[in-house]
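Chemist: whatever this is, show me its structure:
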Amino acid sequence: MLSMTFFAIAPGAGLPGLETPAALVDLDRLERNIARMASYARTHSLALRPHIKTHKATTIAASQLAHGATGLTCATPAEAGVMSAVCDDILLAYPAVGPKLARLMALPRALSLTVALDSAKAVDDLARAARAADRPVRVFVELDVGMHRVGVSAWDEAIALARRVRDSAPLEYAGIAFYPGHIRTDLDSQDAALAALGAAIKSATDALGRAGLAPKVVSGGSTPTVWRTHEIGGITEMRPGTYVYNDRGTAEIGACAPEDCALTVLATVVSTSVPGQAVIDAGAKALGREPMRGVEGEGWGALLDRPEILVTRMSEEHGILDLSRSDWRPSVGELVRVVPNHVCIVVHLNDVVYGVRGERVEKSWRVDARGRSQPMVTS
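Modeler: Prediction:
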């Protein structure tokens, strides 16, 4: 049987001691990002329920909670199970359908559980599972406010679902949820879209109120719109995720500054044999393969200290740096740090993340909520 040996890295070790590619997080930037978001939420009297999809790590979630987050948001029951070790109030912002319900109901009974959904079947199945498990579950009715992914866009449907939840003990109708993921333009060009979003939320809450179903919680938000969340009338809870680490895409639209990008991929130059380019050991399996803002041709990442140098081509384990815009010519063995386009998918590719200050490794943590934690077939 093959076994894998993991080599311990002592605190204070330099970056050359890490095997690449490796995910690095600048601890000063991380701490600043977490504190800044917590301050924003307090200033505007908004509950902060961060989505853990970006960091997928209990150690980061614990820091968010210590800074005042009221709970956490997860996308899968497996994530919720891991995060229940540090949090007693979790929102599953995803319809729970099929075998996922069994894992959901197996979560610790002390956990306050909320589920967002958008169909009568999801209500009925969740109610049946909750009754069998004899546990209350809070429910948000999911609204479609422009993303056209999940959620109901007709308010009479939202009213019908809210009534169905209210009448399906032990479910508890707790409010509404929405995700404005369709708004990804620069912050200073979001006025019209945010006004339309606010109008839609007001229309929905007014309709629910007239039906005697006024939502106690209006939960929404995203990192691209996060610093203008308070402008969305009626919102009570925000659920940003990317802000802890940020990325090239977030900086591109002005939702963070380049110096707020905390996570980079440390890579080694492994070849310079082709003129005008350098090859690093970080390809699609280290950087993911998401174009900038959905547009081809803008590269798959950029160097932290030389943002004009892009990863313009990739295969699974090779990333090609285009050197045509720079007179810098790296040597084989030289280390570089790549700011990824989309940090969430990069984190999910790593078992361990290294926290650094300057050029020194201070600590590391496991990405303990990555993967699906699927059950094995037993004989």
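Chemist: now do the contacts for the spatially closest residue to Asn350 that is not a sequence neighbour.
Modeler: Using Cβ to Cβ, 6 or more residues apart in numbering and skipping the chain neighbours, the partner closest in space to Asn350 is Ala23 (4.5 Å). C-beta: built from backbone N, CA, C; applies to glycine. Applying Cβ atoms under 8 Å, 6 or more residues apart in numbering, one finds that Ala23 lies in contact with 263-266, 346-347, 350, 352-354.
Chemist: kindly report the same for Gly355.
Modeler: Applying Cβ under 8 Å, 6+ apart, the residues contacting Gly355 are 24-25, 27, 30, 361-365.
Chemist: do Arg138 as well
Modeler: Applying Cβ under 8 Å, 6+ apart to Arg138 gives the contacts 112-115, 171-172, 174.
Chemist: where along the stretch 1-150 of the chain do the helices fall?
Modeler: According to DSSP state H, counting those that start in this stretch, the stretch 1-150 of the chain carries its helices in the segments 27-43, 58-66, 77-83, 100-105, 120-133.
Chemist: measure how the second one sits relative to helix 27-43, angle-wise.
Modeler: Spelled out, that is helix 58-66. With axes from the mean of the first three to the mean of the last three Cα atoms, to 10 degrees applied, the angle from helix 58-66 to helix 27-43 works out at 40 degrees.
Chemist: flag every buried residue along helix 58-66.
Modeler: In terms of neighbour count (16 or more other Cβ atoms under 10 Å), helix 58-66 has its buried residues at 58-61, 63-65.
Chemist: with the third one instead?
Modeler: Taking 16+ other Cβ under 10 Å as the neighbour-count basis, helix 77-83 is seen to contain the buried residues 77-83.
Chemist: may I see the residues you listed arranged in CSV, with distance to Met376 and pLDDT as well?
Modeler: CSV is the format used below for those (distance: Cβ to Cβ, whole Å; pLDDT from 0 to 100):
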residue, distance to Met376, pLDDT
Pro77, 17, 96
Ala78, 14, 95
Glu79, 19, 97
Ala80, 20, 98
Gly81, 16, 97
Val82, 18, 97
Met83, 23, 98
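Chemist: any idea which of the residues you listed is closest to Arg289?
Modeler: Taking Cβ to Cβ as the measure, Glu79 is the one of the buried residues of helix 77-83 closest to Arg289, at 22.6 Å.
Chemist: how about that closest one: what's its closest non-neighbour residue?
Modeler: Here the nearest residue to Glu79 in space, its sequence neighbours aside, is Ala369; by Cβ to Cβ, 6+ apart that works out to 4.6 Å.
Chemist: tally of neighbours for that neighbour?
Modeler: Close neighbours of Ala369, defined as other Cβ atoms under 10 Å, add up to 25.
Chemist: circling back to that earlier point, of the contacts of Arg138, closest to Pro240?
Modeler: Comparing every one of those with Pro240 (Cβ to Cβ), the shortest separation belongs to Thr114, at 17.2 Å.
Chemist: so that closest one versus Gly71, what's the distance?
Modeler: For Thr114, the distance to Gly71 under the criterion Cβ to Cβ, to the nearest Å works out to 8 Å.
Chemist: repeat for Pro77
Modeler: Noted for Pro77: a distance of 16 Å to Gly71, by Cβ to Cβ.
Chemist: ok, back up a step: the residue nearest to Glu79 reaches Ala78, doesn't it?
Modeler: Yes. Ala369 lies in contact with Ala78 (Cβ atoms under 8 Å); the separation is 7.1 Å.
Chemist: report the contact partners of the closest residue to Val346 other than its chain neighbours.
Modeler: Nearest residue to Val346, sequence neighbours excluded (Cβ to Cβ, 6+ apart): Pro340, at 4.5 Å. Pro340 makes contact with 247-248, 263-265, 287-288, 300-301, 346 under the criterion Cβ under 8 Å, 6+ apart.
Chemist: secondary structure and pLDDT added to the residues you listed, as JSON lines?
Modeler: JSON lines is the format used below for those (DSSP: H, G, I helix; E, B strand; the rest coil; pLDDT from 0 to 100):
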{"residue": "Asp247", "secondary structure": "coil", "pLDDT": "97"}
{"residue": "Arg248", "secondary structure": "helix", "pLDDT": "96"}
{"residue": "Leu263", "secondary structure": "strand", "pLDDT": "98"}
{"residue": "Thr264", "secondary structure": "strand", "pLDDT": "98"}
{"residue": "Val265", "secondary structure": "strand", "pLDDT": "98"}
{"residue": "Leu287", "secondary structure": "helix", "pLDDT": "98"}
{"residue": "Gly288", "secondary structure": "coil", "pLDDT": "96"}
{"residue": "Trp300", "secondary structure": "coil", "pLDDT": "96"}
{"residue": "Gly301", "secondary structure": "strand", "pLDDT": "97"}
{"residue": "Val346", "secondary structure": "helix", "pLDDT": "98"}
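Chemist: if anything else comes up later, I'll come back, but that's it for now.
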